[in-house]
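Peer 1: Build me a structure from this.
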Amino acid sequence: MPAPNAETNPETSPETEAFAALLTDEGRRLLDDLRDYDPARELATATRLRREHPAELVSAALGQARLRQRAVAKFGAADAHRMFFTPNGVEQATRASVAAHRARRFAALSVRRLADLCCGNGGDAIALARAGIAVLAVDRDPLTAAVARANAEALGLADLIEVRCADVTDVDTSGYDAVFVDPARRGGRGRIFDPEAYSPPLSWAIDAARSAPHAALKIAPGVPHEAVPDDAEAEWISDGGDVKEAVLWFGTEPGTRRATLLPAGTHLTGADLPDPAVRPVGRYLYEPDGAVIRAHLVADVAAALPGDAGLIDGTIAYVTSDELHPTPYATAYEITDVLPFNLKKLKALVRERGIGVAVIKKRGSAVEPEELRRKLKLDGPHSCVVILTRAAGAPVMLLGQPTT
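Peer 2: You can find the predicted model right below:
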């Protein structure tokens, strides 16, 4: 990961100059005016604004307004419309709720000074600063570093966030209580699956993490368990049921596997239980949260359920029981029908029962839910859940209702 070539002076590139124009009074007023603009009317909006503002500034402001609208989903409207972004920064930024969870964990470890390596647009640095932690935020890209610096100032956190444009491999972190590393996992051709092709490589990031009293290393949720170092804790995080990321923690609980479910913040740690036995589908089906599945903690969920809970198939992460026991780690469905998969039979059932709305879920099935939905031609006042999966090795369709 070579450092920027000073002779080309990348800090005064056209991109950084365009961004600097957005930080002027005129640029900020323009962005305020574009807060609620309709992208479908961009041509008309651009034509109108160019009568009063330079064309280059209007183009930059429109681009930034689009990025802010995209960022609302991750940062919330209040912050997103005050912040600045790069396209890659929006795509790779940590969701604010996840960053806040991580910041709380660092604060609970009594971390007061932290080096945020590969800081991107500064989303994690912002959460850490709001938790009272002083942050050195480092990124080698001049535009990205400028954006992170502008965000610290825009949110009133500049006294806690120092932004440095540098190659992270050249940064001395010896004076910090903790290190957070978020390697770039996307390149010019999209997502990078080889950890050693991350920027910086995963091996370097692990060495950097081990050099500090405490550290967290953000990785892809699909990381193989055998790739997790023995001296690390592995945490999988979901938000609203969607798995967002995995984190390797150093200086906490080595060997622990943890599933954290946001926004509630509940967490489950593994007890190295054997896989549950396979049994016939009972009255209730439990669908574990994605973080639980990624952390290989389905057995722990099954063990906490009453009665003879077990798997419906040895290769499928669905737990079944004849008793209902609400758990924050799984969604429960009451099953009314357990049938071998047969499209003709399913069409007849939903027609007979007047099903107009169906939530179609799949696990271990080659059938595509949207294609099935078109074929079912749903019509009627009732609703149901259709689960396409395998039970005891055979394709089945389960019909039922959520328990809440």
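Peer 1: contacts and neighbour counts: CA atoms only from here.
Peer 2: Noted.
Peer 1: Mind pulling up the pLDDT for residue 220?
Peer 2: Listed pLDDT for residue 220 reads 87.
Peer 1: That one: what's it in contact with?
Peer 2: 245, 246 (Cα atoms under 8 Å, 6 or more residues apart in numbering).
Peer 1: And for residue 359?
Peer 2: If you count contacts by Cα under 8 Å, 6+ apart, residue 359 has them with 384, 385, 386.
Peer 1: quick one: low-confidence ranges for the protein?
Peer 2: Counting by pLDDT under 70, the ranges of the chain that qualify are 1-11, 186-190, 192-193, 197.
Peer 1: centroid residue for it?
Peer 2: By Cα atoms, centre = their mean, the mean C-alpha position of the chain lies nearest to residue 244, the distance being 2.4 Å.
Peer 1: Please work out how many residues are found near the closest residue to that one other than its chain neighbours.
Peer 2: Excluding its sequence neighbours, the residue lying closest to residue 244 (Cα to Cα, 6 or more residues apart in numbering) is residue 238, at 5.3 Å. The tally of other residues near residue 238 (other Cα atoms under 10 Å) stands at 22.
Peer 1: part of a helix, is residue 238?
Peer 2: No - the assignment for residue 238, made by DSSP: H, G, I helix; E, B strand; the rest coil, is strand rather than a helix.
Peer 1: Just list whatever residues bridge to it.
Peer 2: For residue 238, the beta-bridge partners under DSSP bridges are residue 243, residue 261.
Peer 1: measure the residue nearest to the centre of the chain to residue 13 for me?
Peer 2: Here the criterion is Cα to Cα, to the nearest Å. By it, residue 244 lies 34 Å from residue 13.
Peer 1: same thing with residue 86?
Peer 2: Distance of residue 86 to residue 13, computed by Cα to Cα: 15 Å.
Peer 1: what about those two, which has more around it?
Peer 2: Per other Cα under 10 Å, whichever of residue 86 and residue 13 has more neighbours is residue 86, with 19 against 13.
Peer 1: doesn't residue 141 make contact with that one?
Peer 2: No - in this structure residue 86 lies outside contact range of residue 141 using Cα atoms under 8 Å: 11.0 Å.
Peer 1: joint contacts of the two?
Peer 2: Joint contacts of residue 86 and residue 141 (Cα under 8 Å, 6+ apart) do not exist.
Peer 1: Please name the nearest non-neighbouring residue to residue 369.
Peer 2: residue 360 (5.8 Å).
Peer 1: Which strand or helix spans the one you found?
Peer 2: Element membership of residue 360, judged by DSSP states H and E, is strand 355-362.
Peer 1: circling back to that earlier point, what about the residue nearest to residue 369, how many residues nearby?
Peer 2: By the criterion of other Cα under 10 Å, residue 360 has 16 neighbours.
Peer 1: right, and the helix or strand after the helix or strand containing residue 203?
Peer 2: Using DSSP H and E, residue 203 sits in helix 202-210. Note on helix 202-210: by DSSP H and E, the next helix or strand toward the C-terminus is strand 214-219.
Peer 1: Show me what counts as buried in that next one.
Peer 2: Within strand 214-219, the residues scored as buried using 16 or more other Cα atoms under 10 Å are 214, 215, 216, 217, 218, 219.
Peer 1: got it, and stretch 76-86?
Peer 2: 77, 79, 80, 81, 82, 83, 84, 85, 86.
Peer 1: Which pair of the residues you listed spans the longest distance?
Peer 2: For the buried residues of stretch 76-86, the maximum inter-member distance is 17.0 Å, found between 77 and 86 (Cα to Cα).
Peer 1: which stretches of the stretch 201-350 of the chain form strands?
Peer 2: Under the criterion DSSP state E, counting those that start in this stretch, strands of the stretch 201-350 of the chain are mapped to 214-219, 233-239, 242-250, 257-262, 266-269, 284-288, 310-311, 319-321, 330-340.
Peer 1: Just send the ones you listed back as JSON lines, with distance to residue 26 too.
Peer 2: Formatted as JSON lines, the strands of the stretch 201-350 of the chain follow (distance: least, Cα to Cα, whole Å):
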{"stretch": "strand 214-219", "distance to residue 26": "38"}
{"stretch": "strand 233-239", "distance to residue 26": "38"}
{"stretch": "strand 242-250", "distance to residue 26": "37"}
{"stretch": "strand 257-262", "distance to residue 26": "39"}
{"stretch": "strand 266-269", "distance to residue 26": "46"}
{"stretch": "strand 284-288", "distance to residue 26": "51"}
{"stretch": "strand 310-311", "distance to residue 26": "62"}
{"stretch": "strand 319-321", "distance to residue 26": "59"}
{"stretch": "strand 330-340", "distance to residue 26": "51"}
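Peer 1: Quick one: closest of the ones you listed to residue 163.
Peer 2: With respect to residue 163, and counting by Cα to Cα, the nearest of those is strand 214-219 at 19.0 Å.
Peer 1: Between the two ends of stretch 177-191, how far is it?
Peer 2: One end of stretch 177-191 sits 31 Å from the other (Cα to Cα).
Peer 1: So which of the buried residues of stretch 76-86 is the closest to residue 319?
Peer 2: For the buried residues of stretch 76-86, the nearest to residue 319 is residue 77 (38.3 Å; Cα to Cα).
Peer 1: Could you check how far the closest one is from residue 70?
Peer 2: Taking Cα to Cα as the measure, residue 77 falls 10 Å from residue 70.
Peer 1: returning to that earlier point: what pairs with the residue nearest to residue 369 across the strands?
Peer 2: Assessed by DSSP bridges, residue 360 has beta-bridge partners residue 386.
Peer 1: who touches it in this structure?
Peer 2: For residue 360, the contact set (Cα under 8 Å, 6+ apart) comprises 369, 373, 385, 386, 387, 388.
Peer 1: Just the closest of those to residue 269, please.
Peer 2: Of the contacts of residue 360, the one sitting nearest to residue 269 (Cα to Cα) turns out to be residue 387, at 27.8 Å.
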